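Asker: need coordinates for the following:
(2 chains, ligands or ions: 2)
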Amino acid sequence: MHHEGNYGAVVGVNGNMLTVEFDTLVTQNEVAYAIIGEDRLKCEVIRVRNNRADLQVFEDARGLKIGDKVEFTGELLSVELGPGLLTRVFDGLQNPLNDLAEKSGFFLQRGLYLPALNYEKEWKYTPVANVGDSVVAGDVIGTVPEGIFDHKIMVPFELQGTWTVSTVEKAGSYNIEHVVAVLEDERGNSANVTMVQNWPVKVPINAYREKLMPKESMITQTRTIDTFFPVAKGGTFCTPGPFGAGKTVLQHAISRFAEADVVIIAACGERAGEVVEILREFPHLDDPRTGKTLMDRSIIICNTSSMPVAAREASVYTAVTLAEYYRQMGLNALLLADSTSRWAQALREMSGRLEEIPGEEAFPAYLESLIASFYERAGLVRLNDGSTGSVTIGGSVSPAGGNFEEPVTQATLKVVGAFLGLSRERSDARRYPAIHPLDSWSKYKSIVDEKDIAAARNALRNGNEVGQMMKVVGEEGTNINDFIAYLKGEFLDYVYLQQNTFDEVDGATNEERQNYVFKKVMEVMENKNFKFDSKDAARSYFLELRQLFIDWNYIAQKSDDFIAQEKLIDQKIMGCVNA
Amino acid sequence: MRKVYHRIIQIAGNVITVEADNVGYGDLAEVTSRRGSSLAQVIRLEDDKVFLQVFSGARGVSTRDEVRFLGHSMKVAASENLLGRVFTGSGKPRDNRPEINDNLVEIGGPSVNPAKRIIPKNMIRTGIPMIDLFNTLVESQKLPIFSVAGEPYNELLARIAMQAEVDVILIGGMGLKHDDYLFFRDTLDKHGALSRSVMFVHTASDPVVECLLVPDMVLAVAENYALEGKRVLCLLTDMTNFADAMKEIAITMEQIPSNRGYPGDLYSQLASRYEKAVDFDGAGSITVLATTTMPGDDVTHPVPDNTGYITEGQFYLRNGRIEPFGSLSRLKQQVNADTRDDHRAIMDTMIRLYADYKETLEKQSMGFSMSSWDQKLLKYGDLFENRMMDLSVNIQLEDALNLGWQTLAECFDKTETGLKSDLVNEYWPKA
Ligand SMILES: Nc1ncnc2c1ncn2[C@@H]1O[C@H](COP(=O)(O)OP(=O)(O)OP(=O)(O)O)[C@@H](O)[C@H]1O
Ligand SMILES: [Mg+2]
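Answerer: Ligands and ions are numbered 1, 2, ... in the order given. Okay, the predicted model is just below:
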């Protein structure tokens, strides 16, 4: 279908919404360009009524006039998929920010769009498929090395049915537009396979055999998460919290330490400064898993709060499409979106301009289904060749007034597999990460024994109850056993839940160490033989024990110091029991 | 000569509608009525209808009044000649001196490419221990003072501006009391800072809508100075008035409010202003300090709430003091590792002990007995409030750190502070 020369005319401008009159045809979600002098402003069709279409403009609409020309492209809003995505920084529409900076300097120039991928660069191609092979969408035709792994060149996802490979390119260096295979179907249609394909961002890539139940943990190296509220590969989680509670710091920590193959960071409507930290630091941080830098496994989608709002709406889809693409290669991709509330607000702004009947807090009535279908794009899948790949999605949520009883948090809670609620109370007390240990939950399986987790939860709950009670009756009115329960709860909190994100050692605790330390902590928690003469004695004992554990957390595992510190801890525990 | 329109078909709130063609979205128009002329801006186009928000208000505008479109959006003269001058929100001189029209730039320009930003690294010294020691201010930070009417937030802003080592000070007043305007002007004058300052002032008696322009005017000028390599400090007070003006227009335009009458894009609107704070890779910087008064002293009110989600921390100003709890500089860790090696430790320890003091106070008020530890904390809390929190204290960071050690030593034994031994050995005052 060709739309060459399909034009309309602007008949309304309201913020970033255009109303355009057309006389041929338009397609829902197709891309159009509003033409203003030399500039072509990218838009997306979001509603059609009679001969008028409403478009969201991905730019400042300043200067547009009634009667200005709009060109419809017939193409859905899409991204380019191919080698060379890793290490890059894109805006919400996949424009490479560094290239934009080279062209237009300090500011983002309206109407300047650049290709996401490098069309000149040559990649060392190795064929995999043979002439005569019968293939379907997503099957591997060949590979090129991309940084840390082999990037698979696949049968375009949009091809339907079974195709036969009719020609294959031999090994060699080619640019991404080079035809590396030609396919034919039964009716004699042929299709070229290159190293680049386009895919519409709002449509999930489904070139796989089946979706599986996520089982295996995605280790984040944050103890509270992995031990208490785990995340699964292919699972979903959300981190709601009031401003300043530590959502971004937590996401950055996860993006650095999570055991994922590819990490996609979607900075969606938040501060530019926070992205700059990643941009400037990741290229210099080592990734112990690969021996390369963290940047080598990362893609950053950066549509910060002052960048166009409609592009913010698109940015989460751009990000999840890239994640799905790497999943198709049998990799575990992790998408971190900060913050999904800003995406929801972009939807709200547009819905308001469309004068739709508003739901709660003026969010559109379809908010819930959009949030659900976004998180549905996560998952563990069995690919055509039997291997598996996954997309894990973690979204931060920024509830108005820090109150979780609001539409975005509530809609998100309905669909995610883990809820890591950050609390103001904890962040004010500098108990980081401020994940609330009693309110949070996860449906996935922990890396430590379930019985121990249940016991630890109980202890936290007991400790908390006594703590609450003590606020009323004072320490004097609390009996020693309750007081010890309280001290134990605090002990667990301080030595295990709290973690110094900014410390080289404490900031990341691997699975083995978590198991090891947790056992030791539980030894204390489960110990029924503690006897103290007074509450003061109990308090100072636990304070000392706490200090020993905290120091232990700061010591690299398997070092001599680690063993020595453990001895001190053992002595301290034994010492009390004997006393 | 541009066409003049004489048929205003609708007047609602401060928004008028005319039928006109060839008008650009966001363009300015001049509306001339018996009361004089005012600038207006196109805020919606709908077929041949053009909606304009009138900056001086629609009161007194008649259906036959003249509307002349200027063919461009709002501009400001971003030149050196502004220095030492005072303007209204729409850029008219407020100081009886000539208009300035050189180097006109559009306000509300595009956002900085994140790839052209650098990680901020310079501390801004203020001489205020609650800031320098506990919530260090950093060049290019965007940070509001959360407060309520009656608190000395303007005094605090002015004081920081006077102490900060910056090249240019820009003041944007929104709904500013005339006295406060004079206070800023006189303070700048007294410190000889007037010649490196520019003020855009909308006072409480000016038309409400005009205050919408103030942040954009200030920030457009700031951007130009920063691109020339200058370190610019912007003071915006009070952003709640700015948000309220937006609310007013939104209601007039019958937009569906999201929260307590505020428009759904409040976050984006505030963010596009605050995000102008920047440290340019290869040019100057813009630091933005603002006031956000909290209606009903409620931080969950949409204006402070959205602001908190945008800015890089906040200072709570309450009872004339910067509160240690809730106040936060999110950029402090970028700089406080390189000030003095005890900075972070003193910061954490003193705040932790002050929190303990607060708990002890609570216990005391409930009539529980005070242990000897409680007694120590009570002494400490008092000293902390007088030596660190009192805004009249004006000392350098290093002196504040020393005073911190001295305070700890006056109240506690070495081991009770939980400070690392090597620091204690170096800094604990010798008896
Ligand atoms: N794990 C942590 N360890 C130490 N400090 C932390 C930690 N998490 C957060 N903080 C402190 O809190 C500040 C705010 O954290 P962060 O930016 O992650 O909040 P947020 O929840 O993302 O807020 P917003 O919604 O406004 O973006 C940080 O700048 C830091 O000073
Ligand atoms: Mg954040």
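Asker: show me where pLDDT drops low in the stretch 251-400 of chain B?
Answerer: By pLDDT under 70, the stretch 251-400 of chain B has no low-scoring segment.
Asker: which residues touch A:Ser104?
Answerer: Contacts for A:Ser104 (Cβ atoms under 8 Å, 6 or more residues apart in numbering or on different chains) come out as A:Leu112, B:Asn113. (Each C-beta comes from the backbone N, C-alpha and C, glycine too.)
Asker: typo on my end, it should be B:Ser285
Answerer: Shown in contact with B:Ser285 (Cβ under 8 Å, 6+ apart): B:Pro120, B:Glu139, B:Ser140, B:Ala226, B:Arg231, B:Val232, B:Val278, B:Asp279.
Asker: what about the residue lying closest to A:Val79 once chain neighbours are set aside, neighbour count?
Answerer: Nearest residue to A:Val79, sequence neighbours excluded (Cβ to Cβ, 6 or more residues apart in numbering or on different chains): A:Gln94, at 4.8 Å. As a burial measure, A:Gln94 scores 28 neighbours (other Cβ atoms under 10 Å in any protein chain shown).
Asker: sec struct for A:Gln94, please.
Answerer: Secondary structure assignment for A:Gln94 (DSSP: H, G, I helix; E, B strand; the rest coil): coil.
Asker: confidence score at B:Met1?
Answerer: Model confidence at B:Met1, given as pLDDT, is 55.
Asker: quick one: contacts for residue 296?
Answerer: Assuming you mean chain A. Counting by Cβ under 8 Å, 6+ apart, the residues that A:Asp296 touches are A:Leu86, A:Thr87, A:Gly147, A:Ile148, A:Asp287, A:Thr290.
Asker: and B:Ala226, by the same measure?
Answerer: If you count contacts by Cβ under 8 Å, 6+ apart, then B:Ala226 has B:Val232, B:Val278, B:Phe280, B:Ala283, B:Gly284, B:Ser285, B:Ile286 around it.
Asker: in which helix or strand would I find B:Leu378?
Answerer: In this structure, B:Leu378 sits in helix B:372-384 according to DSSP states H and E.
Asker: tell me which residues are up against the helix or strand that comes right after that helix.
Answerer: Later in the chain than helix B:372-384, the nearest helix or strand by DSSP H and E is helix B:397-411. Around helix B:397-411, the neighbours that count as contacts under Cβ under 8 Å, 6+ apart are B:125, B:129, B:132-133, B:339-340, B:342-343, B:346, B:349-350, B:353, B:376-377, B:379-380, B:383-384, B:387-388, B:395, B:417, B:419, B:427-429.
Asker: ok, and for helix B:397-411, which residues are buried?
Answerer: Buried positions in helix B:397-411, judged by neighbour count with 16 or more other Cβ atoms under 10 Å in any protein chain shown: B:Leu397, B:Ala400, B:Leu401, B:Asn402, B:Leu403, B:Gly404, B:Trp405, B:Thr407, B:Leu408, B:Ala409, B:Cys411.
Asker: measure the residue nearest to A:Val79 to A:Tyr317 for me?
Answerer: Distance, A:Gln94 to A:Tyr317, by Cβ to Cβ, to the nearest Å: 10 Å.
Asker: now do B:Ser140
Answerer: Distance, B:Ser140 to A:Tyr317, using Cβ to Cβ: 31 Å.
Asker: and after the top strand by length along chain B, which helix or strand comes next?
Answerer: If you go by DSSP state E, chain B has its longest strand at strand B:36-46. Later in the chain than strand B:36-46, the nearest helix or strand by DSSP H and E is strand B:49-54.
Asker: one step back: which parts of the longest strand of chain B are buried?
Answerer: For strand B:36-46, the neighbour count (16+ other Cβ under 10 Å) marks B:Ser38, B:Leu39, B:Ala40, B:Gln41, B:Val42, B:Ile43, B:Arg44, B:Leu45 as buried.
Asker: ligand 2: which of those residues is nearest?
Answerer: Nearest to ligand 2 among the buried residues of strand B:36-46, counting by Cβ to the ion, is B:Ile43 at 30.8 Å.
Asker: where's the closest one relative to A:Met195, distance?
Answerer: 47 Å.
Asker: right, is the longest strand of chain B up against chain A?
Answerer: Yes: Strand B:36-46 reaches chain A (Cβ under 8 Å from any Cβ of the partner chain) through B:Arg44, B:Leu45, B:Glu46.
Asker: check the stretch 301-431 of chain B for the residue nearest ligand 1 and tell me.
Answerer: B:Arg330 (3.5 Å; Cβ to the nearest ligand atom).
Asker: how much space between that residue and A:Thr248?
Answerer: 9 Å.
Asker: just A:Leu413 next, same as before
Answerer: Separation of A:Leu413 from A:Thr248 (Cβ to Cβ): 20 Å.
Asker: repeat that for B:Arg159.
Answerer: B:Arg159 is 31 Å from A:Thr248, by Cβ to Cβ.
Asker: and the two? Which one has more around it.
Answerer: Neighbour tally, B:Arg159 and A:Thr248, criterion other Cβ under 10 Å: the higher count belongs to A:Thr248, 22 against 17.
Asker: touching, that one and A:Gly273? I think so.
Answerer: No: checked against Cβ atoms under 8 Å, the pair A:Thr248 and A:Gly273 is beyond contact range at 10.2 Å.
Asker: closest residue of chain A to ligand 2?
Answerer: A:Thr248 (3.1 Å).
Asker: tell me which element that residue falls in.
Answerer: A:Thr248 belongs to helix A:247-257 when assigned by DSSP H and E.
Asker: give me the distance from the longest strand of chain B to the chain's centre.
Answerer: The chain centroid and the centroid of strand B:36-46 are separated by 27 Å under Cα atoms, centre = their mean, to the nearest Å.
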